[in-house]
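Peer 1: Need a 3D model of the following:
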Amino acid sequence: MLHRGRIFYFMTIPALLLFFVFHTYPALQGIFYSFTNWRGYGEWEFVGLKNYFNVFQDFRALHAYGFTFQFAIVGTILVNILSLIIALGLNANVYFQKTLRAIYFIPNILSILIVGFIFKFIFTQFLPQIATFTGIESLSQSILGNPTTAWLGIVFMAVWQATAFNTILYLAGLQTVPGDIYEAAAIDGTGPWRRFFSITFPLIAPFFTINMVLSMKGFLMVFDHIVALTGGGPGQSTESISLLIYRGGFGGGEFAYQSANAVIYFIIIVAISVFQLRVLQKREVDL
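Peer 2: Alright, predicted model coming up:
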């Protein structure tokens with residue numbers, strides 16, 4: 001037993017040290033610098049909570065928060081609706097079921113930046129050319145060049161790629177539903193909608209919870225999609241919090257200020273995730 005315990009220590013301690021050096025220590029260092037005026041270089045001095053107060057007075061930061069929340073809410077709703085519908089279809093007795101499951105999972109393994117560049121070509125070249133040829137004036141210009149519609153292109157791409165992972169989770173949940181329950185419901189003459197809301201959805205409610213939490217967290221941290229499609233433009237209309245922190249912290253001489261912004265953002269994401277878990281898990285019990 002003593003020899004076995006040593007083996008476990010040799011396996012876990014290096015991983016723990018690597019995690020601390022490359023994750024925990026930089027995070028603690030960022031929190032420390034958030035109370036200073038460090039620009040990422042040169043000297044610094046403590047400024048207390050000044051950076052945190054300035055974040056709530058920064059119009060650019062507030063706009064980024066508003067855009068990010070809007071994007072995350074819309075994306076989370078669309079992803080879960082589409083992935084649940086696709087999972088229900090793939091769980092049915094259809095031809096080429098396994099092949100279709102593999103095809104629907106392909107977007108999840110593709111690089112976000114590569115997918116973003118492809119969608120950028122579609123939105124800026126392919127769709128406008130087709131719209132011009134067919135006489136659809138509303139799509140004759142790229143939606144990414146319009147401040148009011150650019151975020152819709154980002155949502156479309158993000159939802160298309162994120163749906164694959166959520167679909168797999170819903171499929172895993174549907175596999176846990178016993179088939180004899182559906183047989184008993186069919187004997188009782190229960191319709192498909194009734195079976196879904198009274199049997200299927202309550203039994204896969206835990207998977208719905210984890211999908212909602214993971215989707216919201218992932219969309220709140222959106223970065224690569226925006227870099228590939230719009231770069232935060234036009235202007236700053238599609239600038240997310242992650243992109244603002246990156247630009248200001250590493251290229252704008254605002255390392256300490258954006259570190260404070262990152263701390264606030266971390267607290268918000270944790271609070272939203274905990275709130276989702278509490279509400280949705282309570283909903284699971286009610287179902």
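Peer 1: alpha carbons only for contacts and neighbour counts from here, please
Peer 2: Will do.
Peer 1: which residue is nearest the middle of this structure?
Peer 2: Taking Cα atoms, centre = their mean as the criterion, residue 218 is the residue nearest the geometric centre of the chain, at 2.0 Å.
Peer 1: In a strand, that one, correct?
Peer 2: No: assignment of residue 218 by DSSP: H, G, I helix; E, B strand; the rest coil gives helix, placing it outside any strand.
Peer 1: contacting residues around it?
Peer 2: Residues near residue 218 by Cα atoms under 8 Å, 6 or more residues apart in numbering: none.
Peer 1: What of residue 246?
Peer 2: Residue 246 makes contact with residue 258 under the criterion Cα under 8 Å, 6+ apart.
Peer 1: And the one 10 residues further on, by the same measure?
Peer 2: Residue 256 is in contact with 30, 33-40, 51, 249, counting by Cα under 8 Å, 6+ apart.
Peer 1: How confident is the prediction for it, by pLDDT?
Peer 2: Looking at residue 256, its pLDDT is 94.
Peer 1: Could you report the neighbour count for the nearest residue to it once chain neighbours are set aside?
Peer 2: Once flanking residues are discounted, residue 256 sits nearest to residue 34: 4.6 Å by Cα to Cα, 6 or more residues apart in numbering. When neighbours are counted by other Cα atoms under 10 Å, residue 34 registers 26.
Peer 1: so after the host helix or strand of residue 15, what's the next helix or strand?
Peer 2: Taking DSSP states H and E as the criterion, residue 15 maps to helix 2-19. Remark: after helix 2-19, the chain's next helix or strand is helix 25-33, criterion DSSP H and E.
Peer 1: For the following helix or strand past that next one, buried residues please.
Peer 2: Note on helix 25-33: by DSSP H and E, the next helix or strand toward the C-terminus is helix 50-55. Residues of helix 50-55 classed as buried by neighbour count (16 or more other Cα atoms under 10 Å): 51-52, 55.
Peer 1: so can I have JSON lines of these showing pLDDT and distance to residue 94?
Peer 2: Below are the buried residues of helix 50-55 laid out as JSON lines (pLDDT from 0 to 100; distance: Cα to Cα, whole Å):
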{"residue": "51", "pLDDT": "94", "distance to residue 94": "57"}
{"residue": "52", "pLDDT": "95", "distance to residue 94": "55"}
{"residue": "55", "pLDDT": "93", "distance to residue 94": "53"}
